[in-house]
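>>> How does the following fold in three dimensions:
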Amino acid sequence: MDIRRLECFLAVADHLHFGRAADALSLAQSTVSQAVRGLERDLGAPLFERHTRLVRLTVVGQAFLPEARAAYDALASAYERARALAREQTEELVVGCPPELGQMLVSRAVPALRRLSPTAVPTFRQLPTLRQMELLRDRRLHAALCWTPELDDTFASTVVQHGRLVAVLPDRHPLGREAEVPLGAIADEPLIGWPREINPKLYDRFAEALRRTGKPVAPAGTVVGGDNVAARVLAGFGVGIVFEHQARREPIPGVRYVPIAEAVPGLDRHLVWRVDERHPALPGFVRVVTALFAETEGLRPVGA
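A predicted model of the protein is given here:
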């Protein structure tokens, strides 16, 4: 049986008017008329008496109506139950993150989240901070993990990690053998950093920390990516600045990574979400990620 034909029959039976039935279904009146005539052909009898100003059910139509309505309602109910079950089985949670977190989130956050929310299916999109916040504002992400974002009343957030900066030095640089290097000791070196447009707020926090050293700053250029900074250092352009997570774990001949002694205020990784976000798996994800950063070796959690 064609469900649309049944739906059109029920609408005409409710309104006893083909035009009003068509309006209720957002269909053309000709479509409703054709559907009812097709059903009448299937049944072998007319369901309505049609007059110029009057439409009423025939005897066959009156007998067919209650069982047709019950069948339609049962089918609609089954359809909605199936849709609800499908939603419960796959609740996609879309999260923005930088590339360095992908492996940790997949290997550790996903299993922990599934224990809390078995129907949640996380999808991670690797994006820079500004793009994450744009998509979060547009409701195309449910949460974002990003550095020093611009926040307003639209968002809720929690700091999950304090950032630490690392100097990238030529192997023979006098400071290369130190355990830590003061920011002031490299402030007047030719510095290779990251472009301001990548994250203006983050850039400005670091620039302010440099100004507080009282040393004249000598920018030597900007580049995206820790390995590209190391390449510029090897080429003799100056001293590089990267985040701790960008420092290479494997040694690069000719380059040394030395932590900067001072913490730069406000260089924090935030977990951000909209205050009106109602995804059922979001509270569990916030708990999982917060705990994960607090216990993961090699990262610097809040309070470290």
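>>> Low-confidence ranges, the stretch 201-304 of the chain, go.
Residue ranges of the stretch 201-304 of the chain with pLDDT under 70: 249, 296-304.
>>> repeat that with 90
201-227, 242-252, 261-268, 294-304 (pLDDT under 90).
>>> quick one: the helices in it?
Secondary structure of the stretch 201-304 of the chain by DSSP state H, counting those that start in this stretch: the helices cover 226-234, 282-295.
>>> Touching the shortest one from outside, list them.
Translated: helix 226-234. Here helix 226-234 makes contact (CB atoms under 8 Å, 6 or more residues apart in numbering) with 168-170, 192-193, 220-221, 223, 238-243, 246-248, 252, 254-255. C-beta here means a position set from N, CA and C on the backbone, and glycine is covered the same way.
>>> follow-up on the earlier one: and the helices of the stretch 201-304 of the chain, which is most packed in?
Ranked by mean neighbour count, the helices of the stretch 201-304 of the chain are led by helix 226-234 with a mean of 19 (mean count of other CB atoms under 10 Å).
>>> Can I get that one in CSV? Just the C-alpha atoms.
The C-alpha atoms that make up helix 226-234 are tabulated as CSV, following Å, rounded to 0.1, in the frame of the first residue of the first chain:
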residue,chain,number,x,y,z
GLY,A,226,57.7,23.3,15.0
ASP,A,227,59.7,21.6,12.3
ASN,A,228,59.7,24.7,10.1
VAL,A,229,61.0,26.8,13.1
ALA,A,230,63.8,24.2,13.5
ALA,A,231,64.6,24.5,9.8
ARG,A,232,65.0,28.3,10.1
VAL,A,233,67.2,27.9,13.2
LEU,A,234,69.4,25.4,11.3
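>>> please begin residue numbering at 57 from this point
OK, 57 is where the count begins now, so the last one is helix 282-290.
>>> Isn't Val237 up against Ile316?
Yes: using CB atoms under 8 Å, Val237 is in contact with Ile316, at 6.0 Å.
>>> list residues touching both of these two?
Contacts common to Val237 and Ile316, judged by CB under 8 Å, 6+ apart, are Ala223.
>>> so Gln159 is in which element?
According to DSSP states H and E, Gln159 maps onto helix 158-160.
>>> Could you list the buried residues of the following helix or strand past that helix?
Counting by DSSP H and E, the next helix or strand C-terminal to helix 158-160 is helix 166-172. By neighbour count on 16 or more other CB atoms under 10 Å, the buried set for helix 166-172 is 166, 168-170.
>>> try stretch 237-248
Across stretch 237-248, burial judged by 16+ other CB under 10 Å covers 237, 239-243, 245-248.
>>> Strands of the chain, start to end?
Ranges of strands in the chain, per DSSP state E, are 104-106, 111-113, 147-153, 176-182, 199-203, 211-218, 221-226, 246-249, 274-278, 295-299, 311-315, 324-330.
>>> Include distance to Ala265 when you put the ones you listed into CSV, please.
As requested, these are exported to CSV (distance: least, CB to CB, whole Å):
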stretch, distance to Ala265
strand 104-106, 81
strand 111-113, 80
strand 147-153, 25
strand 176-182, 28
strand 199-203, 15
strand 211-218, 14
strand 221-226, 9
strand 246-249, 12
strand 274-278, 14
strand 295-299, 11
strand 311-315, 15
strand 324-330, 14
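>>> closest to Pro256 out of those?
strand 199-203 (11.6 Å; CB to CB).
>>> chain center to the closest one, what's the gap?
How far strand 199-203 lies from its chain's middle: 9 Å, per CA atoms, centre = their mean, to the nearest Å.
>>> Stretch 253-262 too?
Centroid displacement of stretch 253-262 relative to its chain, using CA atoms, centre = their mean, is 22 Å.
>>> For it, give me every contacting residue.
Contacts for stretch 253-262 (CB under 8 Å, 6+ apart): 184-186, 203-206, 221, 249-252, 280, 297, 320-323.
>>> Go through it and flag the buried ones.
Quick answer for stretch 253-262 (16+ other CB under 10 Å): 255, 257-259, 261-262.
>>> Turn those residues into a markdown table, including distance to Arg112.
Below are the buried residues of stretch 253-262 laid out as a markdown table (distance: CB to CB, whole Å):
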| residue | distance to Arg112 |
| --- | --- |
| Asn255 | 71 |
| Lys257 | 71 |
| Leu258 | 73 |
| Tyr259 | 76 |
| Arg261 | 77 |
| Phe262 | 80 |
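>>> Going by distance to Phe349, which of those residues wins?
When those are compared for distance to Phe349 (CB to CB), Leu258 wins out at 18.1 Å.
>>> And the closest one, how far from Leu197?
19 Å (CB to CB, to the nearest Å).
>>> mind showing which ranges of the stretch 57-206 of the chain have poor pLDDT?
57-59, 107-109, 132-148, 154-162, 170, 172-177, 184.
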